[in-house]
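Colleague: Sequence plus predicted model, see below.
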Amino acid sequence: MNIIKEYRSKHKNIFINKPLKGFIMDTLLFNSTKYLFELLENVLHTNIHLHGLENVDKKRTLLFLPNHFTRFETMLLPYLISKNLDIKARSLASSALFTGVFGEYLNKVGTLSTKDEHRDEIIISDLICGKNPWVIYPEGSMVKNKKVVLEEGNFHLFLPEKELIHTGAAVIALTASLEKESLQKALVSGNVDRVTEIREKYFLDKKDLPSYAPIEIIPVNITYKQIRSQDNFLMKMQDILLDENDSEAVIQELQVDGTLLLNSQIHIRFLEPIDVRSFITENLSNNSSINDDKKSIIEHLRYPLINSVMHSVYKNTLITLDHIFSLILLEMDKELVTKKYLQALIYLTVQNISELSIYHLDAVLQKNLIALISSEKVSEFISILELALSMDIIEDMGHNHYKIDAVKLRDEHTFSSIRIKNTILVIANEILCLKPIVTIVQKNIHLKDSELYEQILFKLYNDDKKSFLDSYQHFYVKNVSKDKEVGEPFLLFNKKFSKAVVLVHGYKAAPKEMEALAHYLHKKGFNIYAVRLKGHGTTPEDLRDIGYEEWYESVNIGYAALKQVSKKLFVCGFSTGGLLALETAYKKHNSFDGLICINAAMKLQDIRAEYIAPAVHVFKDILHYFDKDVDVISNKTESPEINYPKHYVSSLIELEKLMSDVALHLKSVATPTLIIQGDNDPVVSPKGAQLIHNSISSKKKVLKIVKADKHVIINRSTIFKEIYNFLKELS
């Protein structure tokens, strides 16, 4: 009798008006699912990011093994595989999901219940013949608390009870590989009994031949950014999706799952495949104690195989700011912390993790995270802080001080409710099995506050110097480049000092320009960071393609570094540096103690600057007809040992953009301000100083006009005294 007919006859009571669920997928319903998810993507703005598709070879027999956190992954992953890889994957799902309309739907799209009596045989049948790829969740169920730990080489799940991670998927993969090889040999040798035995066991008929494509396991990591719970579109559809037998726990799942699906970024990473046959061969050759029979091989290799898969899955979690924040709270042994301390811990921890070069960091963490420690708003930090406050995990004590409630933080509630009632713990649990990250956090939280802040100071400074040296080496031109000491940023630091000044040089200049003032102020009790504006201190070619936003980020490095170790912080800029000091004030919401602008370049005297910048697009249209750089402007300089002897129109345009941006935001500047301006400056018009004074909103603002027929007045002792007196008054 045909095996398929026999199987259908035995189970005819469940196949009335239904396809044979073990073998046939409802194509119409599967395609309808695609339309449903496309609707969710387009209308509800689901943000799905796929990585590593190049690791999936459609010519192989594929078994996808992902982590599991929501009900919708059961539908979502096969849909995404179909859409992006053009292969229809079937899925194994918990029997608890097969209720109501949702369960009916799963049946019809070829999803198989974990309690199907022929579950393993159906999946192995497909793998032997290379028919449908399969998606199986080795964790065995949704790990709602995301708590997985690695002990003695094995992964353990903290479900309602601690248990080893399930090996069913590994057993299926190993069995399929061994049985396929056995069938191939039997067919070649003409062993009819063995061929018949395998065919009957796995419901194969004569048309079903073993595939010669290797069976590959594709580990898959699914990370949600951000995990939150709130009412959502799918909650409103619960009457359709659920039936009267569904519990309150299921409704809670919809609350979380729906929010994740509709409002989160979902990062799905397809990882390097594991060839099952090669895995068997390698382990057999390395372990002579394994008997060469199928049962012995499977028993010895199921845990090594599943642990290898899950190590890849967990290691490839996308690390987010939520993770670092939550893990820091979980490991913290202090009850009271400041916002500055939390931000510093996050920053240093992220830098340490990045240096390992083994984890995937969220885009926010890959960027320069200096904004987090330099008085700027980082929406991701605000969001996770608000979540912790809303759950009473931390309490706002005022003045940026917080009290951590360790009892509430460690409250696991029930397995079903933890995602809603203690999301912070769920987020922290997700990376608990990543021991290197946990070790970094534990090391950092045990630093003294002063050690933490000084580590960040010197890390920023050393990275800044390295960036300069890399640029210097790249753009070095013999007999053109100045000495390294001219362009290198420098730090004057005494840990006993609590006041600090960020010094910012001018356009085409370098930190050396601020050296005399730096040493003067340091002797007066101020720590100093003289920044190097990006593109400066090397050659003009380095400056040509740099935007003014990058100059601001250079200032931000010095600001963030000194902010860690200062009770009073000031920014002092000369010429273009004066503009950047003003820019820093409004971008940082006037959060530092004072600024000084010296000959700030609000208005330029050189008439060419006024006309060249607006006409640049006309020039660029003409330039391509010529073989030389006609967009270069030569200039005489008062400090030839420091300044560039030429610059590019493109750089001048960036200066003009900075001038316009600062002018637009002058009213937002409320920081106490000292404005110093030479009365006969040949480069910067004194009208600019008056404009600054009249426009800023600072209650304390001082305009000092000094006699000078040169632009560079930053090296005068009288200027030093004016600056010191202003700083002393504010200190």
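Modeller: All right, it came through fine.

Colleague: Where do the strands of the stretch 301-450 of the chain begin and end?
Modeller: Applying DSSP state E, counting those that start in this stretch to the stretch 301-450 of the chain gives strands spanning 318-319, 336-338, 360-361, 394-398, 401-404.

Colleague: likewise the stretch 601-731 of the chain?
Modeller: 632-634, 646-648, 673-678, 701-706.

Colleague: Which of the strands of the stretch 301-450 of the chain sits closest to residue 213?
Modeller: Nearest to residue 213, of all these, is strand 360-361, at 29.2 Å by C-beta to C-beta. All C-beta atoms are positioned from the backbone trio N, CA, C, and that covers glycine.

Colleague: what's the closest one packed up against?
Modeller: strand 318-319, helix 339-356 (3 or more C-beta pairs under 8 Å, 6 or more residues apart in numbering; DSSP states H and E).

Colleague: TSV please, covering those and showing mean neighbour count and distance to residue 670.
Modeller: Shown next, in TSV, are the helices and strands packed on strand 360-361 (neighbours: other C-beta atoms under 10 Å; distance: least, C-beta to C-beta, whole Å):
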stretch	mean neighbour count	distance to residue 670
strand 318-319	24	38
helix 339-356	20	21
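
Colleague: Redo these as a markdown table? Include mean pLDDT and distance to residue 277.
Modeller: Output for the helices and strands packed on strand 360-361, formatted as a markdown table (pLDDT from 0 to 100; distance: least, C-beta to C-beta, whole Å):
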| stretch | mean pLDDT | distance to residue 277 |
| --- | --- | --- |
| strand 318-319 | 98 | 31 |
| helix 339-356 | 97 | 32 |
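
Colleague: Adding distance to residue 631, write these out as CSV.
Modeller: Shown next, in CSV, are the helices and strands packed on strand 360-361 (distance: least, C-beta to C-beta, whole Å):
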stretch, distance to residue 631
strand 318-319, 43
helix 339-356, 38
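
Colleague: Of all the ones you listed, which one is nearest residue 562?
Modeller: The closest of these to residue 562 is helix 339-356. By C-beta to C-beta, the value is 13.2 Å.

Colleague: so that closest one versus strand 394-398, what angle?
Modeller: With axes from the mean of the first three to the mean of the last three C-alpha atoms, to 10 degrees defining the directions, helix 339-356 sits at 130 degrees from strand 394-398.

Colleague: just to revisit the earlier point, of all the helices and strands packed on strand 360-361, which one is nearest residue 523?
Modeller: If you check each of the helices and strands packed on strand 360-361 against residue 523 by C-beta to C-beta, helix 339-356 wins as the nearest, at 28.2 Å.

Colleague: by contact count, what packs against the closest one?
Modeller: Looks like helix 339-356 contacts helix 321-331, strand 360-361, helix 363-366, strand 401-404, helix 435-445, helix 449-475 (3+ C-beta pairs under 8 Å, 6+ apart).

Colleague: Tell me which of these is the most buried.
Modeller: Most buried of these, by mean neighbour count (mean count of other C-beta atoms under 10 Å): helix 321-331, with a mean of 24.

Colleague: Show me what that helix packs onto, helices and strands only.
Modeller: Other helices and strands packing on helix 321-331, by 3+ C-beta pairs under 8 Å, 6+ apart, are helix 339-356, helix 363-366, helix 379-390, helix 423-429, helix 435-445.

Colleague: Report the angle between it and helix 435-445.
Modeller: Using the same axes, to 10 degrees, helix 321-331 lies at 60 degrees relative to helix 435-445.

Colleague: And residue 494, how close does it get to residue 721?
Modeller: According to C-beta to C-beta, to the nearest Å, residue 494 and residue 721 sit 21 Å apart.
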